[in-house]
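Q: Sequence first, predicted model second:
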Amino acid sequence: MHISEGVLTAPVLLAGGGGTILGLAIGLRRMDVREIPKVALLTAAFFVASLIHVPIGVSSAHLILNGILGILLGWTAFPVIFIGLFFQAVLFQFGGLTTLGVNTLNMAVPAVIMGALARPALRSNSGLFAMVMTAIAGAGAIIMSAVMVAGSLALSGESFVAVSKLIFVAHIPIAIAEGVLSVLIISFLLKTKPEVIEVIKGNMHSRAAKLGLVSIIIIPILIGICSQAHAHRVNLFAWYDGKMILAEGYFSGGNKAMDSAILVFDSGGKEVFHGMTDKKGEFSFKPPGNGEYRLVLEAGMGHRAEALVSVQGMESGTAAPEAGQAGPQTAESPELKGDGQAAEDAYKETVALTSSEFEQILDSKLNPIKEQLLRLAEQGDRVGFRDVVAGLGYIAGLMGLAMYLTQKKQKK
Amino acid sequence: MTCERFASGKSILHSADPRVKILLAIGYAVVTVGLGSLEGQVLALSGSLLLVIAARLSLKEVFHRLFVVNLFILMLWFILPWTTPGTGVTRLGPIVITAEGLDLALSISLKCNAIILANLALLSTSTIFSLAHALAHFRVPTKMVQLIFFSWRYFHVIDSEFHRMKQAIKVRGFEPGSNLHTYRTYAYLIGTLFIKSLERGERVYKAMLCRGFDGTFWLLSHFRLHRMDICLAGFISAYLFLIIGVEWINPCR
Amino acid sequence: MSLIDLEGISFQYPNGNRVLEGLSLHLEEGDKIGLLGENGTGKTTLFHIILGLLKPTKGEITIFGEKRETEQDFKKIRGAIGLLFQDSDDQLFCPSVIEDVAFGPLNMGMNHHEATERAEQTLEELGISRFRDRVPYQLSGGEKRLVSMATILSMRPEILLLDEPTTGLDEKTKERLISVLQNYPAKAWIIISHVQSTIEAMSDKYYKLNGGRVDVDLV
């Protein structure tokens, strides 16, 4: 579950790096010097075990085992996973240097959290409870990692949303396999050498468990916000010009939504028309009568936008300005229609301009502004969210640095 | 298992100071990751190709490595062109291929391969031991450096132990498949491996104590900066600045 | 009938270490071969080649009258040739002795019940039924060796390849192991050992590995 070099954007990489430094600082601090040989040998063992390919259905996958790592090592899972990924990056060119932080964080955070959840259960007397929690930890760690990998990709750009969904789905069978393996491994260890479970001490306490629970709640919310932000990435502008309903579809950044399906529903919810936008992302259609129409643009991959247009005075005559009354829901619409219409009326009294000529002029003046506004709104939204992520990373990184420095002081 | 396949060699890059190489590798990766223009990305890729040639690595081996890594990139080529919103260039049935999607896939391919090749030439030409040694000079916490040292030292021991165990189950007729028997067998193997590793860890620690280990990590040999290292650093940094300049002239796509 | 025929076997490790050079060896029914040789002369390598764990760089392997080349060819014979590893810890990996002994029979396609029965029967033949539910990893060195012998014999192999079966065992356990082997109806076996008494007790032919080749009846 590595993300390769060159895919993620700088804020995501920074946030990942910062979080990993923090995790490493906690992990190293809690590890006693006397435990180094044991932890190192376990690191080697995990590295060897992660090279095994386990058959899953018709395919096979190599093991990650971060749930077990969390159970056995707690916070020490951070340095262990970091070293494993460092080896893979230098030896096999899997993952990479710039992504080392993100990749470590994506595997180690679930390890720590799931370990914190399963450890108390393993200390309890109920064997069944212990095994159920182990299964949850083993499978849950993979699911959580997959969500985090998907999230890191999705945060790097909406283009990766589909890829991240695919990655998430691909990890479900792996999660099940790891859940089963975790139960078998832990019950083996309990049978042969129970003290192994507690072998690396000083790592898991209720504080960590609480932190874990908080993260479990926060992460899906973050991902939710993220996917929410992406759901509105296509925009539809629609208005009625007196004869036709006109519509334009835009993606974020101002690109036209070409060749996308448009469905038109009347106020009763009945589909009255369906068609496609043209190469300019434009669409027009003659409404059958007065009333409210709902236009739905389907631009594929979950990109969907809606707009409402009200049509009045269809039969009242040929004079378009008086007849046209539109109420699109998008922000730009009052500017386009309301003001436009007032201006149009004013012009009509003074200059003899046909309405279509006027529309052209207005369009040419307003379109760039419209696009600019849209771009601004979109970018503001996107940068804002990513800045939060990057900011969190910086904070985490600074905290890690501070911990590292205080650790040095303590030694002296 | 021969892992450090590129670490032995006699090129300039093999003999360079690992500290310099780590800094250069990080610099190369950071600059490349931020590149937005096609010109900059192509320059970065050609630069790292030159580095690989300078390191006199077996090109066959290098391309084999690249192939494996590029499987992920290949997946992106199948997905990104039709999931990236933008101006369509062509359509295949119901899906529209966008120019932006193709650009993105191309830029990721160039950047990813550029960084990987640079890492191959700069980092994989050192042994893990000398890299860990160099990290110690960068004031990476001693615990971290020791962990890297020990886990690499015993990785081979544990790997061959695991290999023998796998052979032992093979001669007893084991064949992996998607069933509980396989999963149980692997779980037992991994569990046994953990116990063996932990016990060896305990023994290693005892043996270290017997030789007076008190938590201090002594560095015996120290790196020396040679004139060649400074030349290498100067050359690569200049190239990186060239890339940054090209990037600056060519606005982001 | 010849059980195993090795013709002109050469083997070189990827690191360049050449251990076998044009080796030929024939194992007939009733043969009890003692294989001698200094450390690093390729005795263990030879066993691994017979079972297809290592592929020879040169040479031909014929087992049970059929030429063996691919992994598929070797899979068919692994149940019939039992290999006892030098280090029992390489062989034992289950959380209980009974599971470890039943592992081979399960791989041969027996169901859970049959495999357990076979395992129990084998433990009884070796007189170690009391270990049934012990954790293999917690057994003593001698006990481990007997259990790993049981994990091999539970598959009812026709040929035994024994890699240092008695090294590191006390006199009593050594005698016990030898008597177990002598009572087992094997068609033939090859023993690697540095222990003179074991070789003498268990083999009637002595081969010595020397410079990658076999010198017959040298001892």
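A: Arrived safely, thanks for sending. Numbering: from 1, shown residues only, chains lettered A, B, ... in the order given.
Q: going forward, measure contacts and count neighbours with C-alpha atoms only.
A: Will do.
Q: For the stretch 1-150 of chain B, which segments count as helices?
A: B:12-15, B:18-33, B:38-54, B:59-83, B:99-122, B:128-137, B:142-171 (DSSP state H, counting those that start in this stretch).
Q: Buried deepest among those helices, which one?
A: helix B:99-122 (a mean of 24; mean count of other CA atoms under 10 Å in any protein chain shown).
Q: Quick one: mean pLDDT over that one.
A: The average pLDDT within helix B:99-122 is 88.
Q: Which strands or helices does it pack on?
A: Judged by 3 or more CA pairs under 8 Å, 6 or more residues apart in numbering or on different chains; DSSP states H and E, the packing partners of helix B:99-122 are helix B:18-33, helix B:38-54, helix B:59-83.
Q: Dump it to CSV, keeping only the CA atoms.
A: Output of helix B:99-122 as CSV, limited to C-alpha atoms (Å, rounded to 0.1, in the frame of the first residue of the first chain):
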residue,chain,number,x,y,z
ALA,B,99,-6.2,16.6,-22.2
GLU,B,100,-5.8,17.5,-18.5
GLY,B,101,-6.0,13.8,-17.5
LEU,B,102,-3.4,12.8,-20.1
ASP,B,103,-1.2,15.7,-18.9
LEU,B,104,-1.5,14.6,-15.3
ALA,B,105,-0.7,11.0,-16.0
LEU,B,106,2.3,12.0,-18.1
SER,B,107,3.6,14.4,-15.5
ILE,B,108,3.3,11.8,-12.7
SER,B,109,5.1,9.2,-14.9
LEU,B,110,8.0,11.6,-15.6
LYS,B,111,8.3,12.8,-12.0
CYS,B,112,8.0,9.4,-10.4
ASN,B,113,10.6,7.8,-12.7
ALA,B,114,12.9,10.8,-12.4
ILE,B,115,13.0,10.5,-8.6
ILE,B,116,13.3,6.8,-8.6
LEU,B,117,16.3,6.8,-11.0
ALA,B,118,17.9,9.6,-9.0
ASN,B,119,17.4,7.5,-5.8
LEU,B,120,18.8,4.5,-7.5
ALA,B,121,21.9,6.4,-8.6
LEU,B,122,22.4,8.3,-5.3
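Q: now it against helix B:38-54, angle please.
A: 30 degrees (axes from the mean of the first three to the mean of the last three CA atoms, to 10 degrees).
Q: hmm, back to that, Serialize the helices and strands packed on helix B:99-122 to TSV and add fields for mean pLDDT.
A: Below are those laid out as TSV (pLDDT from 0 to 100):
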stretch	mean pLDDT
helix B:18-33	89
helix B:38-54	90
helix B:59-83	83
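Q: could you dump the ones you listed to a markdown table with distance to B:Ala136?
A: Formatted as a markdown table, the helices and strands packed on helix B:99-122 follow (distance: least, CA to CA, whole Å):
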| stretch | distance to B:Ala136 |
| --- | --- |
| helix B:18-33 | 10 |
| helix B:38-54 | 26 |
| helix B:59-83 | 29 |
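Q: Specify the stretch among these that is closest to A:Ala45.
A: Closest to A:Ala45 of the helices and strands packed on helix B:99-122 is helix B:59-83 (CA to CA; 23.7 Å).
Q: want to try CSV for the helices of the stretch 1-150 of chain B, with distance to C:Asp5 as columns?
A: Compiled in CSV, the helices of the stretch 1-150 of chain B are given as follows (distance: least, CA to CA, whole Å):
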stretch, distance to C:Asp5
helix B:12-15, 47
helix B:18-33, 52
helix B:38-54, 48
helix B:59-83, 37
helix B:99-122, 46
helix B:128-137, 44
helix B:142-171, 19
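Q: So for A:Gly23, which of these sits nearest?
A: Nearest to A:Gly23, of all the helices of the stretch 1-150 of chain B, is helix B:142-171, at 12.7 Å by CA to CA.
Q: Give me the distance between C:Gly141 and B:Ala25.
A: Using CA to CA, to the nearest Å, C:Gly141 is found at 50 Å from B:Ala25.
Q: Apologies, that question was intended for C:Ile191.
A: From C:Ile191 to B:Ala25 the distance is 54 Å (CA to CA).
Q: and of the helices and strands packed on helix B:99-122, who's closest to A:Pro120?
A: Short answer: helix B:59-83, nearest of those by CA to CA, at 38.5 Å.
Q: now the angle between helix B:38-54 and that closest one, please.
A: On the basis of the same axes, to 10 degrees, helix B:59-83 is oriented at 160 degrees to helix B:38-54.
Q: name the helices or strands packed onto helix B:59-83?
A: Checking 3+ CA pairs under 8 Å, 6+ apart, helix B:59-83 ends up next to helix A:161-192, strand B:95-98, helix B:99-122.
Q: buried ones in stretch B:170-181?
A: Under the neighbour-count criterion of 16 or more other CA atoms under 10 Å in any protein chain shown, stretch B:170-181 has B:170-174, B:176, B:181 buried.
Q: related to what we said a few turns ago, for A:Ala25, find the nearest of the helices and strands packed on helix B:99-122.
A: Closest among these, using CA to CA: helix B:18-33, at 20.9 Å.
Q: what comes into contact with that closest one?
A: Outside helix B:18-33, the residues that touch it by CA atoms under 8 Å, 6 or more residues apart in numbering or on different chains are A:5-6, A:9-10, A:97-98, B:41, B:44, B:111, B:114-115, B:118-119, B:122-123, B:126, B:130-131, B:134-135, B:137, B:229, B:233, B:236-237, B:240, B:244.
Q: how about a cut-off of 6 Å?
A: A:6, B:115, B:119, B:122, B:134 (CA atoms under 6 Å, 6 or more residues apart in numbering or on different chains).
Q: so what's the fourth one up against?
A: B:Leu122 sits next to B:Lys21 when contact means CA under 6 Å, 6+ apart.
Q: Redo the contacts of helix B:18-33 as TSV? Include distance to A:Ile136.
A: Output for the contacts of helix B:18-33, formatted as TSV (distance: CA to CA, whole Å):
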residue	distance to A:Ile136
A:Gly6	33
B:Ile115	37
B:Asn119	38
B:Leu122	42
B:Ala134	40
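Q: Just the mean pLDDT for stretch A:137-150, thanks.
A: The average of the pLDDT scores along stretch A:137-150 is 91.
Q: actually stretch B:130-138, not the one I typed
A: Stretch B:130-138 comes out at a mean pLDDT of 84.
Q: is that stretch up against chain A anywhere?
A: No - figure legend: stretch B:130-138 not in contact with chain A (CA under 6 Å from any CA of the partner chain); closest approach 9.8 Å.
Q: quick one: buried residues of stretch C:54-66?
A: Buried, per 16+ other CA under 10 Å, within stretch C:54-66: C:55-56, C:58-63.
Q: Need the residues that contact it.
A: Contacts to stretch C:54-66, defined as CA under 6 Å, 6+ apart, come from residues C:3-11, C:48, C:67-68.
Q: who wins for neighbours among those residues?
A: C:Phe11 (24 neighbours; other CA atoms under 10 Å in any protein chain shown).
Q: Show me where chain C has its strands.
A: C:2-12, C:18-28, C:32-36, C:58-63, C:66-67, C:81-84, C:159-163, C:188-192, C:205-210, C:213-216 (DSSP state E).
Q: Contacts only, for A:Val48.
A: Listed by CA under 6 Å, 6+ apart, the contact partners of A:Val48 are B:Asp159.
Q: err, A:Phe188, not the other one
A: C:Pro95.
Q: how about a cut-off of 10 Å?
A: By CA atoms under 10 Å, 6 or more residues apart in numbering or on different chains, the contact list for A:Phe188 reads A:182, A:194, B:184, B:187-192, C:93-96, C:135.
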